[in-house]
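Visitor: 3D model of this:
(chains A, B, C and D)
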There are 4 protein chains.
Amino acid sequence: RYPRPERGLLSRPGLEEVFAYRRHVDEAVLGLLAADRLPAEAGGLIELGLHHEQQHQELILTDAKHLLSRNPLKPAYQKQWPLTAIRAREPRWIAFEKGLREVGHSGHDFCFDNETPRHRVWLDAFRIASHPVTHGDFIDFIEDGGYRRPELWLSAGWDAVTAGGWEAPLYWERREDGWHLFTLHGEVPVDRNTPVCHVSFFEAEAFARWANARLPTEAEWEVAARDASRAGNFLESGALHPLALRGAPAEGRLAQAFGDVWEWTRSDYGPYPGYRPVAGAVGEYNGKFMCGQYVLRGGSCVTPAAHVRATYRNFFPPQARWQFSGLRLAREA
Amino acid sequence: RYPRPERGLLSRPGLEEVFAYRRHVDEAVLGLLAADRLPAEAGGLIELGLHHEQQHQELILTDAKHLLSRNPLKPAYQKQWPLTAIRAREPRWIAFEKGLREVGHSGHDFCFDNETPRHRVWLDAFRIASHPVTHGDFIDFIEDGGYRRPELWLSAGWDAVTAGGWEAPLYWERREDGWHLFTLHGEVPVDRNTPVCHVSFFEAEAFARWANARLPTEAEWEVAARDASRAGNFLESGALHPLALRGAPAEGRLAQAFGDVWEWTRSDYGPYPGYRPVAGAVGEYNGKFMCGQYVLRGGSCVTPAAHVRATYRNFFPPQARWQFSGLRLAREA
Amino acid sequence: RYPRPERGLLSRPGLEEVFAYRRHVDEAVLGLLAADRLPAEAGGLIELGLHHEQQHQELILTDAKHLLSRNPLKPAYQKQWPLTAIRAREPRWIAFEKGLREVGHSGHDFCFDNETPRHRVWLDAFRIASHPVTHGDFIDFIEDGGYRRPELWLSAGWDAVTAGGWEAPLYWERREDGWHLFTLHGEVPVDRNTPVCHVSFFEAEAFARWANARLPTEAEWEVAARDASRAGNFLESGALHPLALRGAPAEGRLAQAFGDVWEWTRSDYGPYPGYRPVAGAVGEYNGKFMCGQYVLRGGSCVTPAAHVRATYRNFFPPQARWQFSGLRLAREA
Amino acid sequence: RYPRPERGLLSRPGLEEVFAYRRHVDEAVLGLLAADRLPAEAGGLIELGLHHEQQHQELILTDAKHLLSRNPLKPAYQKQWPLTAIRAREPRWIAFEKGLREVGHSGHDFCFDNETPRHRVWLDAFRIASHPVTHGDFIDFIEDGGYRRPELWLSAGWDAVTAGGWEAPLYWERREDGWHLFTLHGEVPVDRNTPVCHVSFFEAEAFARWANARLPTEAEWEVAARDASRAGNFLESGALHPLALRGAPAEGRLAQAFGDVWEWTRSDYGPYPGYRPVAGAVGEYNGKFMCGQYVLRGGSCVTPAAHVRATYRNFFPPQARWQFSGLRLAREA
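Guide: Take a look at the predicted model:
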């Protein structure tokens, strides 16, 4: 295997060769599928591969954003700004009763193995915010000294603040006329009304403490999001940036649970009770990463809409910031 | 504050000055206590301080062991070997029914804030081993290529194996006549009958996978250990090393749940539902470390006996090996 | 200024835009030159720029070679192999008398400031080899345990061997049928007859000790090379690899002093007596790097022929290996 | 061999055991010497060992100073301050003619192998300052922005300034009433009249550029110091700190060439022409370090007086600052 830190040193074939290779693979696979000559287990593997490919489509956009951000010319991937002029709404708290719940995937639709088995979990009563924390909320946190008060942070989070010189989420720049941030549309002034993104687990957790709240567990999120609308600002909307909340959310339902920003939960990424990875190489896909990462839920503005589910478990290390990652607050009842 | 990596560079007062300072502090505190002149909240602080001191008493022994192990002369802290000649027993599986349980501390005895609040948790039926994994079991794992088979390991665990050149637990040396290990009694041949220790979470987790089992969650451990005997091989026994199981364990009860070795669980160290750190500086004691660490239960052969409880949550990073840390297997029912 | 370690992250314009920009610059400069509208000092700056550009032409080839070498497919930059089938000759020792000599550049031709002022230096009698050390010589060194005997190495050199796991010069691979090396023609079997290249100062210095010789000082090299032929295997030959010695060298003259491989000397790169950097930004060009580097002389098979002189001082850190750097032995008389 | 970075982890015998061991060794060696039972070559080895021991006596003081400086209480090794109240004198330039000179050790007195062979060297005419640069001179450099002007520094030197956050020599602290520095007498106000010390080669080199001068080469220093008085402020004076110049220096002679502070030269530490290390393990003593270090001359206030000579070559890496290292300026004639 080629050492990961040196992958960037690999010289690559030209664009035309890459396209030709892709056409070759597409045609060969489609030919096999059309001829129905594939063994049964190959179908499952191809389906898994397609979902894996969707993950890379998202990563290509977040990686491209990161690359463009390092360029002093701050080039835009597309130009379409301002996206809207909607004003933020005050979030409401939505209450959920205590009780024994079921979480995890069931049924015959595709899911990754880490979403299984469906299992029972006891939840104490809790409240969860009707919509995600906004850029405006985060400016208030910054202006209240959020990045300079160690008592708000996990110890490892404060180490990250200090070592990285963090003073704001990734891609923020303080200019004379206020905070700006780099987007796939180039650098723009911060819009207070949109969900905050590019925060790490550490920043999400510190913000929640500052707000006298906490992050939800992944079980709480899944139970709360069960009845929320699946419609949302996904890759297909073309906005490539989180949008402000349009229209009042239905009473007692979460708004923007799906799309806009991945939402950090307080749950470390571990195996569900009774979890068994698939045998063979495919079994390495998820289980071996169940250590030192935290779960995010709901998908973002660069996730394909068909890719996510209420039971979908995304995961990243607590210091990661280059995904469209935000948060939604929770509290005890 | 003095930078932590440079603390080893601090020149220190002589031993007599240190003892004199300690006498001064002891006498002053005892004077205040005798005169009953302390405000109420100071009592709680002193009690917390005493429990904190017990933690450092344990760390002094594990740190001294590490220091002596780096010395080519392999000096012993004390000499008393062999400790016993007891043979290992086959572990049995002890079954627990599914159901809604309560875990966490209640009542008025001292506990750390991280053991609260007591709360409900749903447990599926599970089985847990009657006693911890032994050095003999771990030799079998090593001889079966345990440290050379990446498929047994978490990804971060395999990184640790590779980066550290791990081929056995900490302090093991392969000699012509078999495995030896460094103990507080100097270097001795490995005794197959005693609980294995100085394994990281990564090694415990890989061993469990190899044994077609898993680590228990901390809730499972606490429920299973509730009726186990609190007597055990603690600091006071003077052995300073885990001992083989003496006498058959009572039917349906865990043996060696307390003392001998800290037992890794599969649970990351996080806040219990409704957890609130104490206000003020003391509140930084536990909560701020709730990230990136795993829970260990039960105390070890260098823990003061009065220090642990069934609800006690110890925690270390997954690569830590210098504590007397071992494991007990669990399985689905 | 953009941080150097992140330069590789910069996204770049497309190839056509790059060519267009280059045409634009070329035309503008040529226009100014044709119109004779440039101030006098600009002429010197343009001349310096052209020589600087020649250095980058060489670096582009050595960097491209390094990049291609990291690619598991080992792609060739050009294919033209074997280059010749000439056999190596035994080197002879050429003797130089002791005496007061002059070194450094004089006259009105272009030179870099670090080649001045011309100055006197006392040289004891010495002998220098008629041609550079060959790949065959270096295989003998390797097979005699050269990379496993610390007593042959400078202390910092042995650290480099250990830290880098060096067992041969850069780009060498041991295959079943002997040593192969990666070249701009792809991977080829080592040709014993050609000058060795891609060795660091450390390897050159250790080889010389093994051979019961030493590296020449830069003053010795310059005095010895003064009468050598300037013709040689430079970039213009198209070989892009050092070649075996063709024809017997003239009696008492160095062969292959120019071209083929840069030759490490034992001299650290420092200021000549009375050296003054040019005032202004151009003065930063050479003087500020006069610390911790060693001087190489003579040019290589990827250096433009018009770029070098007998007084030319190239310099690299002692561990650098990606240039076409070799060595020539010297001895006391 | 025990890995160097872990040496600080070695537990050590108690002080009494150390003294007993030392007595044992002393008595055994003295017994052998008295009985005249040693082979001839052992005598040379013992003499070398004694000179090596003197080097460690100096290092113990510079290491102890460094350790005490890391202690927030800033404890003094001894208290005796102020040392004197002598005012600084203006340095004069002393001129030396061009010519062929001899440097290096000759005769039968002890010397290290790196001081041999004595050899000829051509020197252009030069001037050298009558006494070393003072703390007062260095304050002027600092106040003129010396540490903030990259054009004054070697490239590697500016990297050291930036990475280390250097704003003054080692041990300096800016207080409200001016610069203070930590000495073996505790923290004291800077005395402008004394030779500056604890500067790196980089700082010495930058200071010289700022002063429109340069560092001398080691050959220039040795030629210039040949007729200077060997008396000076060495370890035996007990001052443990450089002292101001007492009495006018003799006309045309260097003052304070020996003692007070080691003086950085512009010469990298390399082999003299014809240098051969002694055969065997002792030969590793000096030659293997001849790379990446710079030569210092003259001894310091913590060097035993009998340890140095005009030909003595000390050497340290260019960033080292914990020795009593200062400088003396030179200029072209």
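Visitor: Report pLDDT for A:Asp36.
Guide: Looking at A:Asp36, its pLDDT reads 82.
Visitor: Now do the residue in the stretch 51-200 of chain A positioned nearest to chain D against A:Ser155, distance only.
Guide: Closest approach between the stretch 51-200 of chain A and chain D, counting by C-beta to the nearest C-beta: A:Gly165, at 14.3 Å. Every residue, glycine included, has its C-beta placed from N, CA and C. According to C-beta to C-beta, to the nearest Å, A:Gly165 and A:Ser155 sit 18 Å apart.
Visitor: same thing with A:Gly99?
Guide: In this structure, A:Gly99 and A:Ser155 are 34 Å apart, going by C-beta to C-beta.
Visitor: Looking at these two, which is more packed in?
Guide: For A:Gly99 versus A:Ser155, the count of surrounding residues by other C-beta atoms under 10 Å in any protein chain shown is larger for A:Ser155: 14 against 11.
Visitor: for chain A, which spans come out with low pLDDT?
Guide: Low-confidence segments of chain A, defined by pLDDT under 70, are located at A:1, A:281.
Visitor: where do the strands sit along it?
Guide: Taking DSSP state E to define them, one finds strands in chain A at A:93-96, A:99-103, A:119-123, A:126-129, A:172-175, A:178-183, A:186-189, A:262-268, A:294-297, A:314-316, A:325-326, A:330-332.
Visitor: As a markdown table, those strands with distance to chain B would be great.
Guide: Listed next are the strands of chain A as a markdown table, based on distance: least, C-beta to the nearest C-beta, whole Å:
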| stretch | distance to chain B |
| --- | --- |
| strand A:93-96 | 13 |
| strand A:99-103 | 6 |
| strand A:119-123 | 4 |
| strand A:126-129 | 8 |
| strand A:172-175 | 23 |
| strand A:178-183 | 26 |
| strand A:186-189 | 32 |
| strand A:262-268 | 4 |
| strand A:294-297 | 8 |
| strand A:314-316 | 12 |
| strand A:325-326 | 16 |
| strand A:330-332 | 5 |
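Visitor: Which of the ones you listed sits closest to B:Glu222?
Guide: B:Glu222 sits nearest to strand A:119-123 of all those, at 14.8 Å, using C-beta to C-beta.
Visitor: For stretch A:37-53, give me every contacting residue.
Guide: The set of residues external to stretch A:37-53 that reach it, using C-beta atoms under 8 Å, 6 or more residues apart in numbering or on different chains, is A:Val29, A:Leu32, A:Leu33, A:Phe110, A:Phe112, A:Val282, A:Tyr285, A:His307.
Visitor: Run the chain-centre distance for it.
Guide: Computed by C-alpha atoms, centre = their mean, to the nearest Å, the chain-centroid distance of stretch A:37-53 equals 25 Å.
Visitor: From A:Phe182, how far off is A:His66?
Guide: Relative to A:Phe182, A:His66 is positioned 9 Å away (C-beta to C-beta).
Visitor: so who does A:Arg328 touch?
Guide: A:Ile128, A:Ala129, A:His131, A:Pro132, A:Val133, A:Pro216, A:Trp221, A:Leu254, A:Ala257, A:Glu263.
Visitor: any idea how far the fifth one lies from chain B?
Guide: The reference is to A:Val133. 20 Å (C-beta to the nearest C-beta, to the nearest Å).
Visitor: what residues are up against that residue?
Guide: A:Pro195, A:Val196, A:Phe207, A:Ala211, A:Gly326, A:Leu327, A:Arg328, A:Leu329.
Visitor: Same question for the second one.
Guide: Counting by C-beta under 8 Å, 6+ apart, A:Ala129 makes contact with A:Pro91, A:Arg92, A:Trp93, A:Ile94, A:Ala213, A:Arg328, A:Leu329, A:Ala330.
Visitor: Got a ChimeraX select line for the buried ones in the residues you listed?
Guide: Under the burial definition 16 or more other C-beta atoms under 10 Å in any protein chain shown, those of the contacts of A:Ala129 that qualify are selected in ChimeraX by:
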select /A:91,94,213,328,329,330
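Visitor: Mind putting the contacts of A:Ala129 into TSV with distance to D:Tyr275?
Guide: As requested, the contacts of A:Ala129 are arranged in TSV below (distance: C-beta to C-beta, whole Å):
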residue	distance to D:Tyr275
A:Pro91	78
A:Arg92	84
A:Trp93	82
A:Ile94	83
A:Ala213	73
A:Arg328	73
A:Leu329	73
A:Ala330	74
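Visitor: The residue of the stretch 201-333 of chain A found nearest chain D: neighbour count?
Guide: When C-beta to the nearest C-beta is the measure, the stretch 201-333 of chain A has its nearest residue to chain D at A:Gln319, with 23.3 Å between them. Neighbour count of A:Gln319, defined by other C-beta under 10 Å: 17.
Visitor: do you know how far it is from chain B?
Guide: Spatial separation of A:Gln319 from chain B under the definition C-beta to the nearest C-beta is 10 Å.
Visitor: What distance do you get for A:Arg4 to chain C?
Guide: Counting by C-beta to the nearest C-beta - A:Arg4 and chain C are separated by 13 Å.
Visitor: what about that residue, how many neighbours?
Guide: Here the number of neighbours of A:Arg4 (other C-beta under 10 Å) works out to 7.
Visitor: repeat for A:Gln54
Guide: Other residues lying near A:Gln54 total 16 when counted by other C-beta under 10 Å.
Visitor: Just list the residues touching it, thanks.
Guide: Taking C-beta under 8 Å, 6+ apart, one finds A:Thr303, A:Pro304, A:Ala306, A:His307 in contact with A:Gln54.
Visitor: Quick one: buried ones out of those?
Guide: By 16+ other C-beta under 10 Å, the contacts of A:Gln54 give A:Thr303, A:Pro304, A:His307 as buried.
Visitor: I'd say the second one and A:Gln57 touch.
Guide: Yes: in this structure, A:Pro304 is within contact of A:Gln57 by C-beta atoms under 8 Å, at 6.4 Å.
Visitor: what sits in contact with each of these two?
Guide: Residues touching both A:Pro304 and A:Gln57 comprise A:Leu235, with contact defined as C-beta under 8 Å, 6+ apart.
Visitor: Brilliant, that's me finished.
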